[in-house]
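K.L.:
okay, structure incoming, though there's no sequence with it:
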Ligand code: AMP
């Protein structure tokens, strides 16, 4: 099946071809026609399933017949849990709006940065991608009006609820018109998500997609038995020996992330750390430079493990194992995305061996554990 049978305009079909999207992913096959028909949709799907394009494309398709906007009255609102996801979703909109004959302005807004530039840039915005707290601030300052919203998207609704945005979400829902199209995407169908479904969605089309993120088949996994004190040299040894590039390294704390990145730099390997203690600007910039290959190694905490899509990321290293098996799958799910194979490398200290067995049992997959004590790590 190709995109042509889904009801998208020739402009969008051309943009899809330019992006080398040759076939719709399963969620796109189901969601695009339903959204074009203005139905509500409940999509149970994670990042990596192609869910962003599954709503971006039909929303843009439907937007073309809309009448001009009143100033600061946006038409489409996409609520997301994090700044990183806001930027990523805005990028997908921009990829496809650039192919449209008329200008459609999309903007991402989020907290942690100055509000004034966001207020000033709001003029003429049709599509707003927002984190809940900052959206409320902007609405309260009359920088944006939500009274003409035509389509609401809740992306990663479960994560928004986990992050404690329930009150903000309710407050935003109360500002929106009753009659609108509602699209709810969530990785899991928790009771809280189900409650939103009940109050917000009108006879939704329900789409459930098994995510690639849980499909560890695509990912080559290997583990090294290594003492804690030898993890740094082992990381540098592997990076140098196999000339690894675009390596995402997970550690358990911000402090550790800085330490590991510093050590790599001192050994001539370009590395940067990013975590919750860094400024928002620094986090975005590091991720952008890493994605475009300008940073060889990005060392991070579980901050980046969920929700962020990095295309063609070849290597993920668990320098320290995560606490839960679920987090392990999320972390290694950064690689092996969008049909490109990846490698997940775990460093397992004697103290972590039992925990690693639990992870493998939960994952229902055995990972080869290689003894690293014979490696010649001199000079690493
Ligand atoms: P998402 O789940 O929206 O984060 O998308 C995961 C990745 O798949 C992104 O890098 C998209 O660019 C890519 N992608 C989405 N749909 C398609 C498609 N039909 N063909 C090829 N790549 C796609």
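P.N.:
Everything's here; your move. Since this is a predicted model, take the numbers as computed values, not measurements.

K.L.:
my read is residue 196 is in a helix, agree?
P.N.:
Yes - the assignment for residue 196 is a helix, going by DSSP: H, G, I helix; E, B strand; the rest coil.

K.L.:
so what's the residue count around it?
P.N.:
23 (other CB atoms under 10 Å). In this view, the C-beta of every residue, glycine as well, is placed from N, C-alpha and C.

K.L.:
tell me the residues of this protein that contact the ligand?
P.N.:
With CB under 6 Å from any ligand atom as the criterion, the chain meets the ligand at residues 21, 23-25, 28, 47-53, 309, 311, 338.

K.L.:
confidence-wise, which of these comes last?
P.N.:
Least confident entry in the residues of the chain next to the ligand, by pLDDT: residue 338, with 51.

K.L.:
what's the domain layout of this structure?
P.N.:
3-208, 219-371 (automatic domain parsing).

K.L.:
any low-confidence regions in the protein?
P.N.:
In the predicted model of the chain, residues 64-69, 210-218, 304-312, 334, 336-341 satisfy pLDDT under 70.

K.L.:
quick one: contacts for residue 140?
P.N.:
By CB atoms under 8 Å, 6 or more residues apart in numbering, the contact list for residue 140 is empty.

K.L.:
okay, helices next: where are they in the protein?
P.N.:
10-18, 26-36, 51-63, 83-97, 116-120, 132-140, 157-162, 166-175, 191-200, 231-241, 254-266, 280-291, 325-332, 353-363 (DSSP state H).

K.L.:
on that earlier part again, want to throw the domains of the chain into TSV with distance to residue 380?
P.N.:
Formatted as TSV, the domains of the chain follow (distance: least, CB to CB, whole Å):
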stretch	distance to residue 380
domain 3-208	32
domain 219-371	4
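
K.L.:
so of the helices of the chain, which one's packed in deepest?
P.N.:
Highest mean neighbour count of those: helix 51-63, a mean of 24 (counted as mean count of other CB atoms under 10 Å).

K.L.:
now the helices of the chain as TSV including distance to residue 378?
P.N.:
Below are the helices of the chain laid out as TSV (distance: least, CB to CB, whole Å):
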stretch	distance to residue 378
helix 10-18	49
helix 26-36	50
helix 51-63	46
helix 83-97	39
helix 116-120	51
helix 132-140	51
helix 157-162	44
helix 166-175	54
helix 191-200	53
helix 231-241	9
helix 254-266	16
helix 280-291	29
helix 325-332	30
helix 353-363	26
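
K.L.:
and the ones you listed: which comes nearest residue 220?
P.N.:
helix 325-332 (9.9 Å; CB to CB).

K.L.:
tell me what that closest one is packed against?
P.N.:
strand 315-318, strand 342-348, helix 353-363 (3 or more CB pairs under 8 Å, 6 or more residues apart in numbering; DSSP states H and E).

K.L.:
tell me which of those sits nearest to residue 270.
P.N.:
Residue 270 sits nearest to strand 315-318 of all those, at 14.5 Å, using CB to CB.

K.L.:
one step back: export the helices and strands packed on helix 325-332 to TSV and tack on distance to residue 237?
P.N.:
Below are the helices and strands packed on helix 325-332 laid out as TSV (distance: least, CB to CB, whole Å):
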stretch	distance to residue 237
strand 315-318	12
strand 342-348	11
helix 353-363	20
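
K.L.:
quick one: which of the ones you listed is nearest residue 194?
P.N.:
Among the helices and strands packed on helix 325-332, the nearest to residue 194 by CB to CB is helix 353-363 (24.9 Å).

K.L.:
for that closest one, which outside residues touch it?
P.N.:
Residues contacting helix 353-363 (CB under 8 Å, 6+ apart): 216, 223, 225, 321, 325-326, 328-329, 346, 348, 366-367, 369.

K.L.:
nearest to the ligand, of those?
P.N.:
Taking CB to the nearest ligand atom as the measure, the ligand sits nearest to residue 329 out of those, at 15.7 Å.

K.L.:
separation between the closest one and residue 257?
P.N.:
Separation of residue 329 from residue 257 (CB to CB, to the nearest Å): 21 Å.
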